[in-house]
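>>> the amino acid sequence is not available; the structure is as follows:
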Ligand SMILES: Nc1ncnc2c1ncn2[C@@H]1O[C@H](COP(=O)(O)OP(=O)(O)OP(=O)(O)O)[C@@H](O)[C@H]1O
């Protein structure tokens with residue numbers, strides 16, 4: 001097992017109280033596995049990614065552990081995590097491609113970045129990896145603004161994995177790109193795993209179709225908790241949690257007109273994580289909720305590798 005997260009609780013401190021963004025998450029990731037992480041906006045996907053690498057000032061590690069390659073990560077200790085970042089765990093944050101320093105040409109920017117991490121820049125290896133994702137070496141002599149969105153994103157991916165981290169977290173790396181560029185980015189991620197630049201990966205996204213394409217396993221989160229986790233095919237073809245089923249039903253189908261099948265979202269909205277309800281957090285929106293759902297459902301392994309938190313699954 002490459003990553004084991006157990007009962008992880010991470011809250012945001014706010015003037016109104018604690019926002020329980022991760023409220024007891026338990027899951028594992030095997031060597032070489034790509035985990036697609038999906039769920040509605042605000043369910044805690046980015047918080048999970050950030051918790052594994054750098055908590056921002058408002059985040060608080062309230063409980064639980066994260067073990068990577070047999071070693072517990074000091075996730076609550078910003079300074080101790082310095083050793084881990086970039087080398088063991090690397091994160092491509094949301095909007096990373098817009099955050100490239102606009103005043104530096106890429107070669108200089110990358111050299112400075114690596115030196116600041118105590119690593120010696122290996123420009124030959126950098127150029128080899130760039131060509132693997134279709135970026136000519138001349139790109140290094142350009143400013144970020146001179147690159148297209150897809151090129152910037154591939155550059156960010158190459159930079160983030162240069163030190164061969166064990167775990168890569170890619171947060172919405174495809175959402176601002178057009179469809180063919182999304183495919184190139186997804187292919188590049190798969191290539192990185194094949195080449196051994198990263199061992200395992202968490203791919204955070206809203207795009208279930210793309211996740212199904214590249215992930216081995218899909219994990220669905222709801223309101224700070226795990227709803228369902230299973231092999232990608234099983235999630236898409238035989239989901240057990242009512243929330244997963246509704247998420248899949250709300251996807252538009254190509255070739256079907258609105259008059260024939262109306263686009264439906266999931267009625268209602270997720271609960272506030274400031275003061276989440278007891279019991280199943282999905283029960284107010286769930287079409288099959290019953291009395292038992294006033295009690296919190298445990299995460300049960302209903303079939304090998306198929307974990308579901310629902311009394312009715
Ligand atoms: N800095 C913060 N201060 C307080 N609450 C926060 C902060 N950042 C996030 N939250 C809250 O934590 C919860 C989880 O947010 P998070 O960004 O992890 O969700 P997400 O699933 O990644 O959403 P999205 O898909 O929109 O990126 C939400 O309720 C959000 O409002």
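On my side now, so go ahead. If you're wondering where the values come from, they're calculated on a predicted model, not measured in any experiment. Numbering: from 1, shown residues only.
>>> how about the residues of this structure near the ligand?
By the rule Cβ under 6 Å from any ligand atom, the part of the chain lying against the ligand is 12, 14, 19, 21, 39, 41-47, 58, 273. Heads up, the C-betas are built off the backbone N, CA and C, glycines and all.
>>> again, only this time at 8 Å
Residues of the chain that fall close to the ligand, judged by Cβ under 8 Å from any ligand atom: 12-14, 19, 21-22, 39-50, 56, 58-59, 94, 171-172, 204, 206, 221, 224, 272-273.
>>> among those residues, name the buried ones.
12, 19, 21-22, 39-40, 42-50, 59, 94, 171-172, 204, 221, 224, 273 (16 or more other Cβ atoms under 10 Å).
>>> how about whichever strand or helix holds residue 212: buried residues?
Per DSSP states H and E, residue 212 falls inside helix 208-214. With burial defined by 16+ other Cβ under 10 Å, the residues of helix 208-214 counted as buried are 208, 210, 211, 212, 214.
>>> ok, the residue in the stretch 151-300 of the chain that the ligand sits nearest to - contacts?
Residue of the stretch 151-300 of the chain nearest the ligand, by Cβ to the nearest ligand atom: residue 273 (4.4 Å). Taking Cβ atoms under 8 Å, 6 or more residues apart in numbering, we find residue 273 in contact with 19, 20, 21, 23, 42, 44, 223, 224.
>>> also residue 242?
With the criterion set at Cβ under 8 Å, 6+ apart, residue 242 makes contact with 282, 286, 287, 288, 310, 312, 313.
>>> got any ranges where the protein has weak pLDDT?
Applying pLDDT under 70 to the chain flags residues 258, 261-263.
>>> show the residue spans covered by the helices in it.
If DSSP state H is used as the criterion, the helices of the chain fall at 45-51, 106-116, 123-132, 149-160, 179-194, 208-214, 232-237, 242-249.
>>> re earlier: of the contacts of residue 242, buried ones?
If we count by 16+ other Cβ under 10 Å, those have these buried: 282, 286, 310, 313.
>>> please report how far the last one lies from residue 229.
Which is residue 313. Residue 313 sits 12 Å away from residue 229, going by Cβ to Cβ, to the nearest Å.
>>> now the first one
Using Cβ to Cβ, residue 282 is found at 15 Å from residue 229.
>>> what's the burial count for the nearest residue to residue 111 once chain neighbours are set aside?
Beyond its immediate neighbours in the sequence, the residue positioned closest to residue 111 (Cβ to Cβ, 6 or more residues apart in numbering) is residue 121, lying 4.8 Å away. Look at residue 121: counted by other Cβ atoms under 10 Å, it has 15 neighbours.
>>> touching, residue 121 and residue 112? I think so.
No: taking contacts as Cβ atoms under 8 Å, residue 121 lies outside contact range of residue 112: 9.1 Å.
>>> quick one: residue 186 and residue 210 touch, right?
Yes: taking contacts as Cβ under 8 Å, residue 186 lies within contact range of residue 210: 6.2 Å.
>>> intersection of neighbour lists for the two?
Joint contacts of residue 186 and residue 210 (Cβ under 8 Å, 6+ apart) are residue 174.
>>> returning to what we had before: save the helices of the chain as CSV, and put in distance to residue 277 too.
Output for these, formatted as CSV (distance: least, Cβ to Cβ, whole Å):
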stretch, distance to residue 277
helix 45-51, 19
helix 106-116, 44
helix 123-132, 47
helix 149-160, 38
helix 179-194, 36
helix 208-214, 26
helix 232-237, 25
helix 242-249, 15
